[in-house]
Structure formats: C-alpha cells, structure tokens
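**Q** okay, sequence plus prediction incoming.
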Amino acid sequence: MSFVKGLKCRECGAPYPVEPVAICEECFGPLEVDYDYAAIKTQLTREEIASRPKTMWRYRELLPLDGDPAVGLQTGCTPLVRAERLAKALGVGELYIKNDAVQHPTLSFKDRVVAVALSKAREFKFEAVGCASTGNLANSVAANAAAAGFPAYILIPDNLEKSKVLGTQIFGANVVPVQGNYDDVNRLCSEIAGRHRIGFVNVNLRPFYGEGSKTFGYEIAEQLGWQAPDAVVVPMAGGSLITKIYKAFGELAKLGLIEETQTRFYGAQATGCNPIAAAVKAGTRDIRPVKPNTIAKSLAIGNPADGYFATGVITNTGGWSEDVSDAEIIDAIKLLAETEGIFTETAGGTTLAVTKKLIAQGRLTAKDRIVIAITGNGLKTQEALTLEELQSIEPKLSAFESAVGISRAAKAAA
Amino acid sequence: MPQTVIIPTPLRKFTGDTELVEVQGATVGEIFSQLEARYPGIQARLCEESGELRRFINVYVDGEDIRFLDRLQTPVGAQAEISIVPAIAGGCA
C-alpha cells in the first residue's frame, strides 16, 4: 500500500528508516519522505483520482502513511474561487482564491498537515500528541486529537489572539502558554520531545506533517483542469507551505498528471516579521532571524526553519518576496471581504496586500493566471480589526431611510 | 583569558556529556580546531569538508550569528561565549 521508500536528509542525502525523527544526525539537515514515484506512476491517473471522494486523501499515494488514514478523513478539497470582482479591483485578469479559510474542521490549512501527522502518530503508536503553535496549528491539533481520542499538549506564545486560545481550549487539550515568542516555544517542544514520548506534529513528526501541505497544491492543479498556474502567492511563516506547493506541482509533472510547470512562486510576509522577504530582496539565502512585531501573528516566526528552502523556490522559479505593513494587511482583509465575500485572517490579508504590491511593481500582470493562497479564517483574528462604530435607529421606516441615505423617491421611480 | 563554548545536546557524545567547554582562540575557526584536537570527530559535524560551516548549524559569539559577522574568521574576544545551536525544525506556514 505504501509508496514510501524511507526518509532522506534534504541536505546531505543520508537515508533513514521511517521513524519519528526530523533531523539528520550527521549534518542536522531536515529529513524528508522519499517516495517510489515510478511505482506511483503505474497506479495514479487523473481518472482514478477523479473517481475518489472529494477529500485530501484522493492523493493518498503521495502521502506518507502505511495504512488507511485514521484522522481528518473529511479534510481537503476546499474551493478554488474565480475572483472576478477582486481581479477587476486589482487590474489583473485570471485570478483565483484557494480558500482554506473554510477548511474542515478548524478553518485553516493546518487541518491538512495535522490529518497526516496524527494519522502517522497512530501508526507510530504514540499515545499523546502535541505541537508548538502560533494558533491555527493549536486549534487543529486540539480538534483532531479530540476526535481521534489522543490527549494533546499544546504550547503557544502567551500573547496570542483570545479567539485562537479559546478555539484550542474548547477541545479539552492541555494548553500551555509560554512566556516568549514562537521560537522560544518551539525550542521548548524539541526539549520535551527529547524526554517524553509525545508525537509533536511539527517537531518529531515534522517530515510527515509537512507532506500534508502538498495537497493544497495538488488541489489547485486539479481544480484548474490539471494545470499549474503562472503564479502563486503564498504566506510565509516558517516557509514550509511555499516549498510544499512547489513540490506538489513538481510531483504531478513527474507523474505525467500535468505538463512541466513554469509557475513563479511569490512569498508574502509582514514587514514586522520579514526574515525570508529580506533575504530574497538582499539576494542571499542566509536568513537573519528577527524579533517579530506584527498583527499577523500566525506569520510571526522570526527564525523560519524552512527559510533557506523557501528562498530557493522563490528565486529559482523567477518569483519574488515582499512584505507589507499592518495597515496594508487590514486594508487587504477588507478588500477581499468586500469584493469576494471571503473573510480571511491577518495572514490572508498579508498575502493579498503583497499581491497588490507585486502588481504595482509589474511582477504580476494581466497576462498571468494567478492563485492567491488564503490559509486561514478572519473569525479567528477579529481583534486585529476595528470597524466603523454603528448607530442604532428607531424601528421606523423613515429612520432607516435617513440612516442609510435612500429616499422614498428612489423606490417610487423603480 | 579562556572563552566558553556551549555544546548542544546532540554533540555532547563527543565531549563526554560536558556542556561547557573552556577554550582559547582568536577566531571561531581556531576554537573549532581546538575542539577537534580535544574531541576528535566533532569538527566534521560542524563544518563541511570544504571547511565551511554547515548550513543547519548556527554559531553565535556573544549572541551574534557569525553568518552576519565574519563566519569562521569572526574574531572572538577574551571571555566571549560561543554557542553552537543546531537549526531546529520548526515553523508554521
């Protein structure tokens, strides 16, 4: 059933057996899953995929499980929305929103990675799971762990949005706020994983977890009629998602399911936490860590683990990376809501604001077929927004008409 | 005046589980050579065969990342603290 050959160091190529390990003992490079693509190619066709249920598991040969998935069975296959009103507002042509703000069950793309990581945790016979999180991952691990019957240990920075904390606690997880930022939380998780047998999805299960993100890319290609777009714009925190979408298109091409791709990859960050964008702009792949200060808390990772690989994907595909201010992020959240009826969180605002900037710079044009990755839901980061104060009216027709500025004459004319 | 090197857990098998090692050298490179003389094999974990620092190893001199200083030629003052930190996997989006 499984097409996994083993794990392999992404840096030095050293092979490892399939175990809950994430880092190469020789060179400290990250480990990744190595598949038998020749064998997959004999089995996986467009028709076969089309015949399967509309979940991320329709691409299961390209996911690192030995048996059937145990967690997140309904996750995946979110809408790819043709955004005509937004395209017009931005002055571009064919524009799409890949909308993981409506992902099942916790409204962010993290449900994809957690579905794989917790299914793998069960295969490894872990009895408890956990994560270091900026919020969305916490929500997803807590919810999926509850549904699968795992106790969960969720470590978060102690300055997160209240709604993200509540959306984790509700599932009965052990939530532990840590005094410090994400990078401090992450370091602590590594130490805990060294001492206790807990499957930390983004620490010791990381090679498997990351693979779930590829389904975001497979779906984009399938929904575009088995074609990769000309450009994708992707938010970057640790920098993993952009590399996994790149890997997804590459795998589909290798399997003959799409043509060789020319997709340009664009990475979006907030100016208050822009280590990857800064490296791209400086023409280097060395990431200088920063202390995050932005309303886009789900992107506030100052020392991005996959920054080196993200800069590689961006520069090798002819893409670029930009960063935007908190005010630009909020304007973009409103623009997406008002043009397309999609309420995204601050990370989505960051991605759209960067898209605007790339269009202004001429890097994205009306000739491009563009996909914007919207990875999280605005209901979770309402604290970032302040809208106009509303005034109540008397329950009278005339009061309504004067409040909204329409007159009786308008109706009479119609 | 000796300097102190903080050895991370995965490399302590070379140092007999010692966390803090006292050394004396003018640059990070010199300090690495001293570590190698005392704990054979450790340098290959820190540096490529070409001598360059491995990509997933971060070295800090008094809290400053040597990639943004002078890499292995970074001068090390008396009583400096040198931390060796594997770039641990982490990150979200």
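**A** Yep, that arrived.

**Q** give me the sheet partners of the lowest-mean-pLDDT helix or strand in chain B and which way each runs.
**A** The helix or strand of chain B with the poorest confidence is strand B:64-65; it has a mean of 86 (mean pLDDT, DSSP states H and E). Taking DSSP bridges as the criterion, strand B:64-65 pairs within the sheet with strand B:57-61 (antiparallel).

**Q** go through the strand it pairs with and flag the buried ones.
**A** Of the residues in strand B:57-61, those buried under the neighbour-count criterion (16 or more other Cβ atoms under 10 Å in any protein chain shown) are B:57, B:58, B:59, B:60, B:61. For the C-beta atoms, the positions are set from N, CA and C on the backbone; glycine is no exception.

**Q** same question, stretch B:46-62
**A** Judged by neighbour count using 16+ other Cβ under 10 Å, the buried positions of stretch B:46-62 are B:46, B:47, B:53, B:54, B:55, B:56, B:57, B:58, B:59, B:60, B:61.

**Q** quick one: low-confidence parts of chain B?
**A** Counting by pLDDT under 70, chain B contains low-confidence ranges at B:1, B:88-93.

**Q** switch the cut-off to 90
**A** Counting by pLDDT under 90, chain B contains low-confidence residues at B:1-2, B:8-13, B:19, B:55-58, B:63-65, B:67-68, B:84-93.

**Q** dump the residue contacts of residue 70.
**A** No chain specified, so I'll use chain A. A:118, A:119, A:122, A:123, A:148 (Cβ atoms under 8 Å, 6 or more residues apart in numbering or on different chains).

**Q** wait, I meant chain B there
**A** When contacts are counted by Cβ under 8 Å, 6+ apart, residue B:70 is found next to residue B:27.

**Q** pLDDT value on the closest residue to chain B within the stretch 251-400 of chain A, please?
**A** Across the stretch 251-400 of chain A, no residue is closer to chain B than residue A:305, which sits at 3.9 Å (Cβ to the nearest Cβ). Among the per-residue scores, residue A:305 holds a pLDDT of 86.

**Q** where exactly do the helices run in chain B?
**A** Along chain B, the stretches classed as helices by DSSP state H are B:28-38, B:42-46.

**Q** out of the ones you listed, which gets nearest to residue A:131?
**A** helix B:42-46 (28.3 Å; Cβ to Cβ).

**Q** residues making contact with the closest one?
**A** A:26-28, B:11, B:14-15, B:32-33, B:35-36, B:53-54, B:57, B:59, B:84.

**Q** the domain parsing of chain A - what is it?
**A** What automatic domain parsing lists as the domains of chain A is A:1-35, A:80-106+A:210-384.

**Q** low-confidence ranges, the stretch 151-300 of chain A, go.
**A** Within the stretch 151-300 of chain A, the set of residues satisfying pLDDT under 90 comprises A:159-164, A:180-195, A:203, A:286-289, A:291.

**Q** please, where are all the strands along it?
**A** For the stretch 151-300 of chain A, applying DSSP state E, counting those that start in this stretch gives strands covering A:152-157, A:174-178, A:199-200, A:231-235, A:264-270.

**Q** turn the helices of chain B into JSON lines, columns for distance to residue A:250.
**A** Listed next are the helices of chain B as JSON lines, based on distance: least, Cβ to Cβ, whole Å:
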{"stretch": "helix B:28-38", "distance to residue A:250": "37"}
{"stretch": "helix B:42-46", "distance to residue A:250": "31"}
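
**Q** and the residue of the stretch 201-350 of chain A found nearest chain B, how many residues sit next to it?
**A** Using Cβ to the nearest Cβ, the single residue of the stretch 201-350 of chain A nearest to chain B is residue A:238, 1.5 Å away. Counted with other Cβ atoms under 10 Å in any protein chain shown, residues neighbouring residue A:238 total 27.
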